[in-house]
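# Starting from these lines, generate the structure:
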Amino acid sequence: LYCIDATGTGDVTTTHQVWHRGDDDFGRTMSTAAVKDGIVYITDLAGILYALDAATGKAFWTHDLESAMWSSPMWADGKIYLGDENGKITIFAHGKAKKIVNTVDMDEPVYATPVAANGVLFVATKSKIYAIGKK
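Model prediction:
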């Protein structure tokens, strides 16, 4: 996982590298990062959620979801939403301290990233899509 300063021109891979997390402290990933208030949230395929300092790459906290991770973390309404292959949506409070707000069992794998729009959380499982909102 690399953090690159994109203000340069040409190939900035090495000249504008801000930080890097390698194989010894970050696994391979299918995830895209969610970034909010200087915190980078990203998962590796093994199911570790990392909350990293965007400036340094150092971990504020990590959490082992004990499941393969194909989706990406999504920030909405002050929370991080994350679905896993075991069919759980885990909801974390956004911040430098780890706090699990809730875990919801969707009864089948969640491979896609949850999406929030117009006050509704959309979750696609292996065979269904759910729209979760207030009545």
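# So, low pLDDT: which residues of this protein?
Across the chain, nothing is flagged by pLDDT under 70.
# which residue ranges form the strands in it?
Assigned strands in the chain, in chain order: 2-4, 17-20, 34-36, 39-43, 48-53, 59-64, 74-76, 79-83, 88-93, 100-105, 115-117, 120-124, 129-132 (criterion: DSSP state E).
# What is the second one packed up against?
What that stands for is strand 17-20. strand 2-4 (3 or more CB pairs under 8 Å, 6 or more residues apart in numbering; DSSP states H and E). Glycine gets a C-beta too; all of them are placed from N, C-alpha and C.
# coming back round to it: just tell me which of the strands of the chain ends up closest to residue 27.
strand 48-53 (6.9 Å; CB to CB).
# I'd like to check the angle between that closest one and strand 79-83, please.
Strand 48-53 runs at 150 degrees relative to strand 79-83, counting by axes from the mean of the first three to the mean of the last three CA atoms, to 10 degrees.
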